[in-house]
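Undergrad: coordinates only, no sequence provided:
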């Protein structure tokens, strides 16, 4: 039986390259691709893949939030992060969201294939370049871990926070999320209260620092 795969990346050339490459691999079946986390959620609902290859920094809904929701709703689906970022913030955020693997975009085809096969076998796969980060954060510090500030926020609040940080107005966010403008303002106030942040600039800095968005979106 083939391993069903979904590719999620906001760069079309990257998606097309991965789809073409993996479709030629024996035992793999690429069942769809998406350009952002929100579309990925809909695609996963329709196709029920075994493995999702997930970029992290994408507009609308980032890969970390999409991973968190996919894993919560479909615990058997395995997510592998494929990112250009090796910083601790992005790595740990994705793994805490439920990703089973993490690769860097300069990895080889063989490494991607190995990662997919490994996580499909219900194991974890970590890129060698980030192993040290994982050891530090999950082994040395696991006993003293406390919930991060991000976990204080609801799913909808994290969505709103990303869109605020990406420069959207309350009206634009309301239209995009199909909610009232007053609801957006309420979410914004709740976010600021929970995080003890008092300006949009500080919210943006928080979102960047915690991997919710980045400067090059």
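TA: That came through fine. These numbers come from a predicted model, not from an experiment.
Undergrad: could I get the full set of helices for the chain?
TA: 12-23, 37-47, 63-73, 88-97, 109-120, 131-134, 155-165, 170-177, 181-195, 200-209 (DSSP state H).
Undergrad: can you add distance to residue 82 and give these back as JSON lines?
TA: All C-beta spots, glycine's among them, are computed from the backbone N, C-alpha and C. Written out in JSON lines, the entries for those read as follows (distance: least, CB to CB, whole Å):
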{"stretch": "helix 12-23", "distance to residue 82": "8"}
{"stretch": "helix 37-47", "distance to residue 82": "13"}
{"stretch": "helix 63-73", "distance to residue 82": "9"}
{"stretch": "helix 88-97", "distance to residue 82": "10"}
{"stretch": "helix 109-120", "distance to residue 82": "7"}
{"stretch": "helix 131-134", "distance to residue 82": "16"}
{"stretch": "helix 155-165", "distance to residue 82": "20"}
{"stretch": "helix 170-177", "distance to residue 82": "26"}
{"stretch": "helix 181-195", "distance to residue 82": "29"}
{"stretch": "helix 200-209", "distance to residue 82": "20"}
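Undergrad: which of the ones you listed sits closest to residue 80?
TA: Closest of these to residue 80 is helix 109-120, at 5.3 Å (criterion: CB to CB).
Undergrad: give me the angle between that closest one and helix 12-23.
TA: When axes from the mean of the first three to the mean of the last three CA atoms, to 10 degrees is applied, the directions of helix 109-120 and helix 12-23 differ by 70 degrees.
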